[in-house]
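Engineer: Below: sequence and its predicted model.
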Amino acid sequence: MKNKNLRSAEKILQDSYGVKGSKSRERFREEAYGYYLCEILKARRLELGYSQEYLAQLVGKKRPYISRVENGEDLRISNLVVIATALKLRLDLIAD
């Protein structure tokens, strides 16, 4: 028996961020993906036992920058590559 109070994930996303293809839905997808990437960087830093200060030294930045990146506030592709490399991560671009 189907519970009428349950909503699908798609319905929740649509109600909160608009239909697929809309500007608001695309903005949400981009922000969610950015958050996901930042969480991967932070988890890897912690896995390696690096402090934010140490990682900042490795990439030639200051500690507050690493904090901003990990909070999803300041992530540029060029810096993503540098930080990922310092964390011994590989970035792959794959065509759909």
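Structural biologist: Nice, thanks for sending it over.

Engineer: Can you give me the neighbour number for the spatially closest residue to Leu75 that is not a sequence neighbour?
Structural biologist: Here the nearest residue to Leu75 in space, its sequence neighbours aside, is Val69; by CB to CB, 6 or more residues apart in numbering that works out to 5.3 Å. To be clear about C-beta, it is placed using only N, CA and C from the backbone, and glycine gets the same treatment. When counting by other CB atoms under 10 Å, one arrives at 25 neighbours for Val69.

Engineer: distance of Val69 from Tyr35?
Structural biologist: Here the criterion is CB to CB, to the nearest Å. By it, Val69 lies 11 Å from Tyr35.

Engineer: Number of residues surrounding the residue nearest to Lys62 when sequence neighbours are not counted?
Structural biologist: Across the structure, with CB to CB, 6+ apart as the measure, the residue nearest Lys62 apart from its sequence neighbours is Ala56 (5.6 Å). Here the neighbour count serves as a burial measure; for Ala56 (other CB under 10 Å) it reads 20.

Engineer: Output the strand or helix carrying the residue nearest to Leu75 in CSV, but only the C-alpha positions, please.
Structural biologist: Val69 is located in helix 63-70, with elements delineated by DSSP states H and E. Taking only C-alpha atoms (Å, rounded to 0.1, in the frame of the first residue of the first chain), the coordinates of helix 63-70 have been written out as CSV:
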residue,chain,number,x,y,z
ARG,A,63,45.0,28.9,5.9
PRO,A,64,41.8,31.0,5.6
TYR,A,65,41.7,30.2,1.9
ILE,A,66,41.6,26.5,2.6
SER,A,67,38.8,27.1,5.1
ARG,A,68,36.9,29.0,2.4
VAL,A,69,37.4,26.2,-0.1
GLU,A,70,36.2,23.6,2.3
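
Engineer: Quick one: list the elements packing against that helix.
Structural biologist: For helix 63-70, the contact count by 3 or more CB pairs under 8 Å, 6 or more residues apart in numbering; DSSP states H and E identifies helix 23-48, helix 52-59, helix 77-86 as packing neighbours.
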